[in-house]
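Asker: Give the three-dimensional model of this entry:
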Amino acid sequence: MFSRHWKQVSLSSILFLSCASGALAESSVFSKFTLEQAREQAKKEDKLLLMDFTASWCPPCRRMESTTWVDEEVRSWIKDNAIAVQFDVDKEEKASESMRIEAMPTVILFTPKSTKEFGRQVGYMSAPDLLRWMKSAKGGSDSKKESTSSSDQPSESATPSDANANTQRASNSNPSSTDIWSHINRAREAATEGRNEEALVEYVWLWNNLSTTDETEKELRRGLIPFESKKLLTVYPPAKAKFIELREIADKQDKRADWILLNGVLSENGRTVAWFDKIKADPQQRDVIQKHFKSLENVLFSENRWSDAANYLYVNPLDRLKEIHQEAEALKKPKQNTEISKDFDPLPSMVLLLYGTYVAAGKDAEAKKIEDECLRLDDTPAMRTGLANMAKGMKIAREQQLLKQAQHQHAQHQEASHKEAPHPQPHRQATQHQQAQLKKR
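Answerer: Predicted structure coming up:
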């Protein structure tokens, strides 16, 4: 396993060791448990589980080896409060894949009370930053002291109106990533334990405080938070009123992206589709549609509006594929204090929505062009398998939709025919007196 601990040696020795793979001693802060063993041990001892994913060729990882992981306070705190394990991504491929590691170093934390991640930090972390983060993950008094003021904490009798008051107080601050993950963790724990009012307070705080400019927080705001908020609504109906209120605010402030996301949280994507139908054919609304491209892409795909997506959203599929490829290449470039896994290839998963839309819309010629260009850009097993599976799935979805449409049209035709057909006059049964008169005749 790759080195865990740099001893104090001369500069020439450090240079020598930095060029020698596996030549460094292992830090005592990390145990030798496997991933599953570490999970079990953390659960048994009621401790945090810390995972560090590293690589021998990763400069930021080596920097943490010589600073963060040898810091005495870090080592002491981990010894008392956590089970820590470290994985070399080149040697522990199974663990790396299961945890979806894309860049190094990546440090992941789990709390004893939840099977979900408390959070993950990608990139170099100093000893003080790591300590603050770990203490916030521990929860209880540590979490509250380290990450947020007492005014931001939900009370045991929190209500939707309390959520609004708490989030208003917090709106003037600029929360750090530690604050964000502390609130996510508290929301998850509250929801898991049935403290739904407290969970609502936390999710509303996150909605109001997540950045709309920071890329990482934007992704949380577009994905994780709406998804978990929607789950809360299914078990806690009073939360619906608060999210309707948030949607009304977004509508009044013309925050269309937020409005679209909140329609999804409230399971009312029909509102988004109705709004889209009003503007889709208007050339003056083209910029509006493109501005909300990513939100509309997901909605139209999930609502089986594939033809609309192809006709009004993508317009030129190869141009869109070019943009996707540029985004994928950007993801493969390491950011500050990180390194990207050598095998990381995001493109196959990023093209599937575009390709699947054209397959499902029955635009076979365009779909074939997309497929050919995808293979020209990235002819890998992952790309070929992804495209094949998507084509198979979307063809089935299209057939089911066509069958459903045919059945609906048939039912409408039968109903219309029934209304237009002349109704026979009801048969009148002869009375006994009439029958007697007929017999006399």
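Asker: quick one, phi/psi of residue 117?
Answerer: phi -60, psi 140 (degrees, to the nearest 10).
Asker: Could you measure from it over to residue 256?
Answerer: Here the criterion is C-beta to C-beta, to the nearest Å. By it, residue 117 lies 31 Å from residue 256. (Each C-beta comes from the backbone N, C-alpha and C, glycine too.)
Asker: Could you do residue 387 as well?
Answerer: The gap separating residue 387 from residue 256 is 32 Å, by C-beta to C-beta.
Asker: ok, now residue 74?
Answerer: Residue 74 sits at a distance of 45 Å from residue 256 (criterion: C-beta to C-beta).
Asker: Compare the two (neighbour count), which wins?
Answerer: Set side by side, residue 74 and residue 256 show more neighbours around residue 74, with 21 against 17, by other C-beta atoms under 10 Å.
Asker: these two touch, right, that one and residue 128?
Answerer: No - assessed by C-beta atoms under 8 Å, residue 74 is found out of contact with residue 128, at 9.1 Å.
Asker: quick one: pLDDT of residue 319?
Answerer: Note on residue 319: pLDDT of 96.
Asker: To which secondary structure element is it assigned?
Answerer: In the assignment (DSSP states H and E), residue 319 maps to helix 317-331.
Asker: helices and strands around the helix or strand following that helix, which ones?
Answerer: Later in the chain than helix 317-331, the nearest helix or strand by DSSP H and E is strand 339-340. Packing contacts for strand 339-340, counted by 3 or more C-beta pairs under 8 Å, 6 or more residues apart in numbering; DSSP states H and E, involve helix 59-66, strand 103-104.
Asker: any idea how far the residue nearest to residue 251 when sequence neighbours are not counted is from residue 296?
Answerer: Ranked by C-beta to C-beta, 6 or more residues apart in numbering and with sequence neighbours excluded, the top spatial neighbour of residue 251 is residue 259, at 5.3 Å. Distance of residue 259 to residue 296, given as C-beta to C-beta: 12 Å.
Asker: The closest residue to residue 54 other than its chain neighbours and residue 330, how far apart?
Answerer: What sits nearest to residue 54 in space, not counting adjacent residues and going by C-beta to C-beta, 6+ apart, is residue 61, at 4.1 Å. Distance from residue 61 to residue 330, counting by C-beta to C-beta: 22 Å.
Asker: Between those two, which has more neighbouring residues?
Answerer: Using other C-beta under 10 Å as the criterion, residue 61 and residue 330 rank with residue 61 on top: 26 against 10.
Asker: which stretch of helix or strand covers residue 108?
Answerer: strand 106-110.
Asker: residues of stretch 348-357 that come out buried?
Answerer: For stretch 348-357, burial by neighbour count (16 or more other C-beta atoms under 10 Å) applies to 348, 350, 351, 352, 353, 354, 355, 356, 357.
Asker: Now flag whichever of those is closest to residue 378.
Answerer: Set against residue 378, the nearest of the buried residues of stretch 348-357 by C-beta to C-beta is residue 348 (6.7 Å).
Asker: so what's the closest one up against?
Answerer: 374, 378, 380, 382, 383, 385, 386, 387 (C-beta atoms under 8 Å, 6 or more residues apart in numbering).
Asker: For ChimeraX, write the select line for the buried members of those.
Answerer: In ChimeraX syntax, the buried subset of the contacts of residue 348 is picked out as below (16+ other C-beta under 10 Å):
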select :374,378,383,386,387
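Asker: Can I get the contacts of residue 348 in TSV including secondary structure, pLDDT and distance to residue 38?
Answerer: Output for the contacts of residue 348, formatted as TSV (DSSP: H, G, I helix; E, B strand; the rest coil; pLDDT from 0 to 100; distance: C-beta to C-beta, whole Å):
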residue	secondary structure	pLDDT	distance to residue 38
374	helix	97	38
378	coil	95	35
380	coil	95	32
382	helix	92	29
383	helix	95	34
385	helix	94	31
386	helix	93	32
387	helix	96	37
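Asker: Wasn't residue 52 part of a strand?
Answerer: Yes - under DSSP: H, G, I helix; E, B strand; the rest coil, residue 52 sits within a strand.
Asker: count of residues packed around it?
Answerer: Using other C-beta under 10 Å, residue 52 has 25 other residues around it.
Asker: What of residue 273?
Answerer: Neighbours of residue 273 under the rule other C-beta under 10 Å: 18.
Asker: Kindly give the local confidence score, pLDDT, for it.
Answerer: 97.
Asker: where's it, which helix or strand?
Answerer: Using DSSP H and E, residue 273 sits in helix 269-279.
Asker: Next, the residue nearest to residue 46 when sequence neighbours are not counted: secondary structure please.
Answerer: Nearest in space to residue 46, with sequence neighbours left out and distances taken as C-beta to C-beta, 6+ apart, is residue 112 at 4.8 Å. Three-state assignment for residue 112 (three-state DSSP): coil.
Asker: Residue 112: neighbouring residues, count only.
Answerer: Residues contacting residue 112 under the criterion other C-beta under 10 Å number 15.
Asker: Let me see the contact set for it.
Answerer: Residue 112 is in contact with 42, 43, 46, 47, 48, counting by C-beta under 8 Å, 6+ apart.
Asker: Strands of the stretch 151-300 of the chain, start to end?
Answerer: Remark: no strands are assigned in the stretch 151-300 of the chain by DSSP state E, counting those that start in this stretch.
Asker: quick one: low-confidence parts of it?
Answerer: 151-178 (pLDDT under 70).
Asker: how much space is there between residue 354 and residue 404?
Answerer: 24 Å.
Asker: Could you chop this structure up by domain?
Answerer: 1-136, 148-267, 278-405 (automatic domain parsing).
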